[in-house]
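Participant: show me how the following folds:
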Amino acid sequence: MSRVLNVAVVGCGIGRSHIVEGYLPNTDKFRVVALCDLDEARLDRLGEEFGVERRVVDFDDLLAMDDIDVIDICTPPGVHYAMVTEALRAGKHVVCEKPLVGSLEEVDAIMALEKSAKGLLMPVFQYRFGDGIEQAKTIIDAGIAGKPYCGTVETMWRREAPYYAVPWRGKWKTELGGVLMGHAIHPHDIFTYLMGDVARIFGRVATRVNPIEVEDTISASLEMRSGALASLTATLGSVDEITRIRLQFENVTIESDHSPYNPGRELWKILPRNDEIKARIDKLLANWRHVPSRFQTQMARFHDAINGKGELPVTSADSRRALELVTAFYHSSSTHTEVVLPLGPDHPLYQSWVPVEFR
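Facilitator: Have a look, this model is predicted:
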């Protein structure tokens, strides 16, 4: 039987969701034994709520704790790179919220460090998990969907002044971007997870909703490596909130549940082209086993990976693909040109997509 791993959560904002959705449903796999946050009042509130007695404000204190197996980084994006690097060098397993780091150069450095690290690194893309998305992925991977034709992703969310009252939000230095980085990155990851790599992008970003440094509205036209075409649109100025992913293949149309923050939870709309395709799908999914959504499944599969019982559910390579799309998006918008992927060290934004005046 695999042992229960001791976890330290760094950052008591989204870190609370990691505890509630990820660790508490997996108490046979994980135990949260330490918390870290610069805000001592928030640190104490979370510690009292979940009975975690070990509370520190200095990240280095966690690195020195020999009984900590996993460090879960839930801090603002601007400090992810340093924390991930230090935790891996300390021999810890690492979970890190999106975005993993702030440039392609940094993600490549992290991937190089992983090769000699004792622990495993798992970036967070919790929207990938749940019955809806996993059934779609199963149908595609089985070859039933056939040739991909086109797809659309709409990330229509709402963020107003109270959201940006948090000091690090809406700023290039700390958030590293806007709707493209902190919000639509999830549906865009789902899209490439299902449709494959992007070959070319023409994108535009704009700040139209809020008085902030970063963008809150985006749109792009994509050509996929497969030849399929796609469009991505997102805003933080929607009246209602939906996340809608619609994919058209040769044999099926697939459309996500429209829940903005948990699109994998409910079953997706799967429309087969004919009765033969429907029969193949029905047979494939006949003995389907429920997949809990979001952090619950991602953390459970992380535990399996640590114990050699499966692959990492999300990898640094997945984060690189997401950040490569972000980099290409910003470059296309600023230059008004189409950008060809993949991007390497010779790309002008390889070291940072953040505008020079905000670095």
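Participant: is Gly11 in contact with Cys74, as I believe?
Facilitator: Yes - between Gly11 and Cys74 a contact is recorded at 3.4 Å, counting by Cβ atoms under 8 Å. Using the backbone N, CA and C atoms, a C-beta is placed for each residue, glycine as well.
Participant: what do those two both touch?
Facilitator: Glu97 (Cβ atoms under 8 Å, 6 or more residues apart in numbering).
Participant: so where's the stretch 101-250 of the chain shaky on pLDDT?
Facilitator: Residues of the stretch 101-250 of the chain meeting the criterion pLDDT under 70: none.
Participant: just the strands from it, written as ranges.
Facilitator: 121-123, 148-158, 198-206, 217-224, 229-235, 237-249 (DSSP state E, counting those that start in this stretch).
Participant: may I have the strands that pair with the last one, each with its orientation?
Facilitator: Spelled out, that is strand 237-249. Pairing partners of strand 237-249, with direction, according to DSSP bridges: strand 148-158 (antiparallel), strand 252-255 (antiparallel).
Participant: what about the helices in the chain?
Facilitator: 14-17, 40-50, 59-63, 80-89, 104-114, 131-141, 172-175, 179-182, 185-195, 275-284, 295-306, 316-335 (DSSP state H).
Participant: picking that back up, export the strands paired with strand 237-249 to a markdown table and tack on distance to Pro211?
Facilitator: Formatted as a markdown table, those follow (distance: least, Cβ to Cβ, whole Å):
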| stretch | distance to Pro211 |
| --- | --- |
| strand 148-158 | 16 |
| strand 252-255 | 35 |
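Participant: burial count for Val33?
Facilitator: Val33 is flanked by 18 other residues according to other Cβ atoms under 10 Å.
Participant: show me the contacts for it.
Facilitator: Asn6, Val7, Ala8, Val52, Arg54, Asp67, Ile68.
Participant: can you tell me the closest non-neighbouring residue to the fifth one?
Facilitator: With sequence-adjacent residues excluded and distances taken as Cβ to Cβ, 6 or more residues apart in numbering, Arg54 is closest to Ala34, at 4.0 Å.
Participant: what sits against the nearest residue in space to Lys118 that is not next to it in sequence?
Facilitator: Nearest in space to Lys118, with sequence neighbours left out and distances taken as Cβ to Cβ, 6+ apart, is Gly91 at 4.3 Å. Counting by Cβ under 8 Å, 6+ apart, Gly91 touches Ala117, Lys118, Gly119.
Participant: ditto for Cys12
Facilitator: Here Cys12 is in contact with Leu35, Asp37, Asp39, Arg42, Leu43, Arg45, Leu46, Cys74 (Cβ under 8 Å, 6+ apart).
Participant: what about 7 Å?
Facilitator: When contacts are counted by Cβ atoms under 7 Å, 6 or more residues apart in numbering, Cys12 touches Leu35, Asp37, Arg42, Leu43, Leu46.
Participant: contact partners for the nearest residue to the fourth one once chain neighbours are set aside?
Facilitator: Right, Leu43. Distance criterion Cβ to Cβ, 6+ apart; nearest residue to Leu43, sequence neighbours excluded, is Asp37 at 4.2 Å. By Cβ under 7 Å, 6+ apart, the contact set of Asp37 is Gly11, Cys12, Leu43, Val57.
Participant: out of these, which is nearest to Ile242?
Facilitator: Gly11 (27.9 Å; Cβ to Cβ).
Participant: now Glu223: how far from Ala230?
Facilitator: According to Cβ to Cβ, to the nearest Å, Glu223 stands 8 Å off from Ala230.
Participant: what of His303?
Facilitator: Distance of His303 to Ala230, given as Cβ to Cβ: 34 Å.
Participant: and the most centrally placed residue in the chain, how far from Ser333?
Facilitator: In the chain, the residue lying closest to the centroid (Cα atoms, centre = their mean) is Phe125, at 2.9 Å. Noted for Phe125: a distance of 24 Å to Ser333, by Cβ to Cβ.
Participant: Lys269 now?
Facilitator: On the measure of Cβ to Cβ, Lys269 and Ser333 end up 32 Å apart.
Participant: neighbour count for those two, which is higher?
Facilitator: For Lys269 versus Ser333, neighbours defined as other Cβ under 10 Å are more numerous around Ser333 (21 against 15).
Participant: test my guess that that one contacts Ala206.
Facilitator: No - the pair Ser333 and Ala206 fails to qualify as a contact (Cβ atoms under 7 Å) at a distance of 8.3 Å.
Participant: neighbour count: Glu223 and Ala230, which is higher?
Facilitator: When neighbours are counted by other Cβ under 10 Å, Glu223 and Ala230 differ, and Ala230 comes out ahead with 22 against 17.
Participant: hmm, who's touching stretch 277-285?
Facilitator: Gln135, Thr138, Ile139, Ala142, Ile144, Asn251, Val252, Ile270, Pro272.
Participant: for stretch 137-152, same thing?
Facilitator: With Cβ under 7 Å, 6+ apart as the contact definition, stretch 137-152 has outside contacts at 191, 194-195, 224, 226, 228-231, 246-252, 270, 277, 280-281, 284.
Participant: show me this protein divided up by domain.
Facilitator: 5-127+298-313, 128-289 (automatic domain parsing).
Participant: distance between the shortest one and the chain's centre?
Facilitator: What that stands for is domain 5-127+298-313. Here domain 5-127+298-313 is found 14 Å from its chain centre; the criterion is Cα atoms, centre = their mean, to the nearest Å.
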